[in-house]
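Asker: Structure, please.
(chains A and B)
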There are 2 protein chains.
Amino acid sequence: MHFVIDKDQLVQSVQDVMKAVSSRTTIPILTGIKIVAHDEGITITGSDSDISIERFIPIEEDDKQYVEVQRMGSIVLQARFFADIVKKLPASQVEIEVLERLTTRIRSGASEFNLNGLDPEEYPRLPEIAEENLFSIQADLLKQIIRQTVFAVSTSETRPILTGVNWRMEDGRLTCVATDSHRLAMRHATIESNTADLKFSNVVIPGKSLSELSKIIDDGNELIDIVVTENQILFKAKNILFYSRLLDGNYPDTSRLIPDESKTDVVLSTKKFLQAIERASLLAREGRNNVVKLVSLESKNMEISSNSPEIGKVFEHVEAQSFEGDEVKISFSAKYMMDALKAIDSADVVVSFTGAMRPFLIRPINEDSIVQLILPVRTY
Amino acid sequence: MHFVIDKDQLVQSVQDVMKAVSSRTTIPILTGIKIVAHDEGITITGSDSDISIERFIPIEEDDKQYVEVQRMGSIVLQARFFADIVKKLPASQVEIEVLERLTTRIRSGASEFNLNGLDPEEYPRLPEIAEENLFSIQADLLKQIIRQTVFAVSTSETRPILTGVNWRMEDGRLTCVATDSHRLAMRHATIESNTADLKFSNVVIPGKSLSELSKIIDDGNELIDIVVTENQILFKAKNILFYSRLLDGNYPDTSRLIPDESKTDVVLSTKKFLQAIERASLLAREGRNNVVKLVSLESKNMEISSNSPEIGKVFEHVEAQSFEGDEVKISFSAKYMMDALKAIDSADVVVSFTGAMRPFLIRPINEDSIVQLILPVRTY
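Answerer: Residues are numbered from 1 along each chain as shown, chains lettered A, B, ... in the order given. The predicted model follows:
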């Protein structure tokens, strides 16, 4: 293998595939990244066996030449060293050549590295994915869906299935749900592609996969192709393939969790409510699991309070834009509320309560594509 | 105690004094910061007993009113909570009032905190410092001196005196030396103030104190007054007093360490040399203590190399601007060299060798105010 490549393209590609590489892998070859030089360009792959990322750098693109392949071939190089090295190389071009016995020479300007490579034949093959169940989402919408749901997955391995986000597709409508059994985030999206007959319900994508995917997809309206199989999902963006394993097991039915009527509806400024909760949580996070209390006082005045006997007390007041229904007195996790409010992009939210011990909902006004649900905490 | 204060002034002041507060203190009252309201304004103090920082906010300054004192008095509040709270308060003004039994009410906009205060009488008094040995340095120069020396202090407590920077003053010339016994940084500065008769030699300031001082002094040419006593040093900037304990013991005589002649002088571009060392250190930092080898090849070509058997080898080449004297073959810590080069602000450096096992010097060209010395490592 022998090629010369544009340094910036190489750095960016290595950085992307590094997101799949874990230093804690038990499979030694996966501490490396695989580089293949072929007649169309260079393909770089990183994997931790759950996530695999393949990045392609074409010989040329948009009238710019990025790669000149002198001899086709492949090699696996230690990911961490290779990534650190290419970032710091001095010239705008990098020459990479496999010499004898897997030794790989990397040259740029007056700098020369000779790295001990690993045998590319030992690198696991990426899953073969039949492109039957394919649909497409714009990059921006995909990233928004991920951001609005993934924070609510469980971080505990007690119920592994809850560490993923459940994606369901029916009648051209994608529904994404995440819950850690104390709160739930749900997002609907209409998929405008030729997918009328595409239907799946038990696709559960690890939260970590979605977080990493979100980092390497560029903002914009590029269409991302998504292929779903029995145990893998593949996201295809320009020059990037992102594979993730799906979680085994049945995702619980969450539809009955969401109350369809409410006893109180309060409309609040998202930002003012969030900031008041943030301040109240400064004391709440000591001890008692970050719990704050919300009480409706007279004339739309909502009081958020927290009491930490050793440190002190806090009282915050937020004026509701409208208040309908019964008085409210409820306690909940400040962290869950902050997460939920940050996931909602609209200026105002409606919070709907059905009782002090019943789950309550946070939604944008006049918009049902996103629902955040929080279970209250017993008042002390 | 009862006053209203400009929020930005309060936030900045609390942030400054927090630099002295340690969460690991064994003296409970020092987890707090002391606030005093008096007839000239508000004074805020933080301390870990090694460093004490006092910040003053005047009633008014530059025709702006910052403080309105309704009732004089004092209180000690939990530093971490108070700092987090003031940063997040909603309005541009903050009202602070001590109610009964040290409870302190903090109000801003629709936000109200009631914090449990601590007894200000228990807070230790700051050292009383007679202003006899006083001299002044411009803020920029002081920060430069600190930056160019403090990195070389020892991080090991084996010889505690080496964890400080030795300041000496004689004939209006300040000399600052730091060494961890493997490398040494020295900086001279002429002090243009009325200090012809000021003389001291065994002032050793903890490296940590200087690092923190550097962070809270604003850039610029403001004069910082410095007062030296037997066991304390006081830095006085506008509205800030910064006290540091001095280290006990005798600082070693380092003057004989610095060779006064050399066998080889090499002039190099600081940036190119630094970048080559940085790349070589990518492999050197594995195992063998980050050691790189420097060899002079023919015609001013300097080769920097490192060999890490498991990972690979690196060869870097830097063209010297001039080379005079014997050939060079020497090994040293890449980290020490990077630290030294980063401390030198000039575009080119002269590196002066007197043998493979003798300390060598890195200095700006035609400039003797700064000297960096490194002890080589035995070549393997």
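
Asker: How many residues are close by the spatially closest residue to A:R358 that is not a sequence neighbour?
Answerer: With Cβ to Cβ, 6 or more residues apart in numbering or on different chains as the criterion, A:R358 has its nearest non-adjacent residue at 6.6 Å, and that residue is A:P259. Every residue, glycine included, has its C-beta placed from N, CA and C. Neighbour count for A:P259, taken as other Cβ atoms under 10 Å in any protein chain shown: 16.

Asker: I figured A:P259 hits A:T354, correct?
Answerer: Yes. The pair A:P259 and A:T354 qualifies as a contact (Cβ atoms under 8 Å) at a distance of 5.0 Å.

Asker: where does the stretch 51-200 of chain A come near chain B, residue by residue?
Answerer: Contact residues of the stretch 51-200 of chain A with respect to chain B, defined by Cβ under 8 Å from any Cβ of the partner chain, are listed as A:78, A:81, A:84-85, A:88-90, A:103-104, A:110-116.

Asker: Select from these the one having the most neighbours.
Answerer: Compared across these, A:F113 has the highest neighbour count, 27 neighbours, by other Cβ under 10 Å.

Asker: Check the burial of A:A347 by counting its neighbours.
Answerer: Summarising burial for A:A347: neighbours were counted as other Cβ under 10 Å, giving 10.

Asker: and it, what does it touch?
Answerer: For A:A347, the contacting residues are A:269-271, taking Cβ atoms under 8 Å, 6 or more residues apart in numbering or on different chains as the criterion.

Asker: Out of those, which comes closest to A:E327?
Answerer: Nearest to A:E327, judged by Cβ to Cβ, of those is A:S269 at 20.7 Å.

Asker: That closest one contacts A:V318, correct?
Answerer: Yes. In terms of Cβ under 8 Å, A:S269 counts as a neighbour of A:V318; the distance is 7.4 Å.

Asker: Kindly indicate whether A:V150 is helix, strand or coil.
Answerer: On the three-state scheme (DSSP: H, G, I helix; E, B strand; the rest coil), A:V150 is labelled helix.

Asker: hang on, the earlier thing: among A:S269 and A:V318, which residue is more densely surrounded?
Answerer: For A:S269 versus A:V318, neighbours defined as other Cβ under 10 Å are more numerous around A:V318 (22 against 16).

Asker: what's the burial count for A:V292?
Answerer: Tallying neighbours of A:V292 according to other Cβ under 10 Å, which is how burial is gauged here, yields 27.

Asker: Hmm, I typed the wrong one, I wanted A:P120.
Answerer: That count, for A:P120 with other Cβ under 10 Å as the rule, works out to 20.

Asker: Now do the contacts for it.
Answerer: Neighbouring residues of A:P120 by Cβ under 8 Å, 6+ apart: A:34, A:36, A:74-76.

Asker: pLDDT wise, what is it at?
Answerer: Model confidence at A:P120, expressed as pLDDT, equals 96.

Asker: What distance do you get for it to chain B?
Answerer: With the distance defined as Cβ to the nearest Cβ, to the nearest Å, A:P120 ends up 17 Å from chain B.

Asker: So what does that residue have for phi and psi?
Answerer: In terms of degrees, to the nearest 10, the main-chain angles of A:P120 are phi -60, psi -20.

Asker: And it, how close does it get to A:I191?
Answerer: For A:P120, the distance to A:I191 under the criterion Cβ to Cβ, to the nearest Å works out to 38 Å.

Asker: Quick one: the helices in the stretch 1-150 of chain A, in order.
Answerer: In order along the chain, the stretch 1-150 of chain A carries the following helices (DSSP state H, counting those that start in this stretch): A:7-18, A:79-88, A:139-149.

Asker: quick check: mean pLDDT across the second one?
Answerer: Put plainly, it is helix A:79-88. Confidence for helix A:79-88, expressed as mean pLDDT, is 95.
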